[in-house]
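Trainee: Quick check, what structure comes out for this input:
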Amino acid sequence: MSVLDFLRGFTIPLRQVFRPKLTDFYPKEKSPKPERLHGRHVLNRYEDGMEKCIGCELCAGVCPARCIYVRGADNPPDDPVSPGERYGFVYEINYLRCIHCDLCVEACPTEAITESKLFEFSFTDRRDAVYTRDELLVDDQGMPKKQPWEDWRPGDENNTSAWMRATSPSGSAAYEGRVAWSGELGFGVRPPEKGQSDALPPEGEIAAEEAAPQVGERPGDHH
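Mentor: Sure thing, here's the model as predicted:
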């Protein structure tokens, strides 16, 4: 190697000094989170405060990591917890096992469980990794209950994780701008559907006005 080649090698790091910095000063500064990022879960309520979970255990049955444990109980006749006959008396998620696949959200028939975009939470005690029903259930304003070991930042509570379920419009252009997630008192609102054009829905699909409830409406409000 000649002296010229040796000096030329030093020009590479010197050129980088004058280029824009690409480093994120994490955790003081954070990059925007992807639309479909799957984080820790929340259990949602209706606008009247009733819980959406009916204790059907479908989320626990579909979970590939077996991290969800649910036990249903009959609703007290004089003070029902949910609109159905039963409610989730026990609801636990073990985050030492959860793989955030979002299958529990797909399986839920009442939109009771949602994955937020919060993924920055750590534990010094293994018992803290098992979230109970009281920790997962949203408060009276429909917002997640923040735990001491969770790093919530402004904006993390704005939208739920975007997700796709079997009954979704599957990219149909007629649903462009529609919010498919019924917000109610539950946590956040899913971003509107991204359409492709002004094309009509495929044959056999119902109209977007009938299929996608607006924010604040419950499923089934359309007649």
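
Trainee: okay, how far is it across stretch 134-149, tip to tip?
Mentor: 16 Å (C-alpha to C-alpha, to the nearest Å).

Trainee: oh, I was asking about stretch 39-52
Mentor: Terminal residues of stretch 39-52 are spaced 20 Å apart (C-alpha to C-alpha).

Trainee: What segments of the protein are strands?
Mentor: 41-43, 68-74, 86-94, 113-115, 130-131 (DSSP state E).

Trainee: Mind giving me the packing neighbours of the first one?
Mentor: In this case it means strand 41-43. strand 86-94, strand 113-115, helix 133-136 (3 or more C-beta pairs under 8 Å, 6 or more residues apart in numbering; DSSP states H and E). (Each C-beta comes from the backbone N, C-alpha and C, glycine too.)

Trainee: go again using 6 Å as the cut-off
Mentor: strand 113-115, helix 133-136 (3 or more C-beta pairs under 6 Å, 6 or more residues apart in numbering; DSSP states H and E).

Trainee: The last one too?
Mentor: With contacts defined as 3+ C-beta pairs under 6 Å, 6+ apart, the secondary structure elements packing on strand 130-131 are strand 86-94.

Trainee: Identify all contacting residues around the strand it packs on.
Mentor: Here strand 86-94 makes contact (C-beta atoms under 6 Å, 6 or more residues apart in numbering) with 41, 51, 53-55, 67-75, 81, 130-133.

Trainee: Sheet-wise, list the partners of that strand with their directions.
Mentor: If you go by DSSP bridges, strand 86-94 pairs up with strand 68-74 (antiparallel), strand 130-131 (antiparallel).

Trainee: what pairs with the residue nearest in space to the middle of the chain across the strands?
Mentor: By C-alpha atoms, centre = their mean, the chain has its centre lying nearest to residue 115, at 2.4 Å. Going by DSSP bridges, residue 115 is paired in beta bridges with residue 41.

Trainee: Show me how far the biggest helix by length in the chain is from its chain's centre.
Mentor: Using DSSP state H to define each element, the chain has its longest helix at helix 3-17. Centre-to-centre, helix 3-17 and its host chain are 48 Å apart (C-alpha atoms, centre = their mean, to the nearest Å).

Trainee: if we can go back for a sec, can you redo the strands paired with strand 86-94 as TSV with mean neighbour count?
Mentor: Shown next, in TSV, are the strands paired with strand 86-94 (neighbours: other C-beta atoms under 10 Å):
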stretch	mean neighbour count
strand 68-74	17
strand 130-131	18
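
Trainee: Of all those strands, which one comes closest to residue 8?
Mentor: For residue 8, the closest of those is strand 130-131, at 56.7 Å, according to C-beta to C-beta.

Trainee: List of residues touching the closest one?
Mentor: 92-94.

Trainee: And for stretch 7-27?
Mentor: residue 31.

Trainee: same question for it, mean pLDDT?
Mentor: Mean pLDDT, stretch 7-27: 81.

Trainee: next one: that stretch to chain centre, how far?
Mentor: Relative to the centre of its chain, stretch 7-27 is centred 37 Å away, using C-alpha atoms, centre = their mean.
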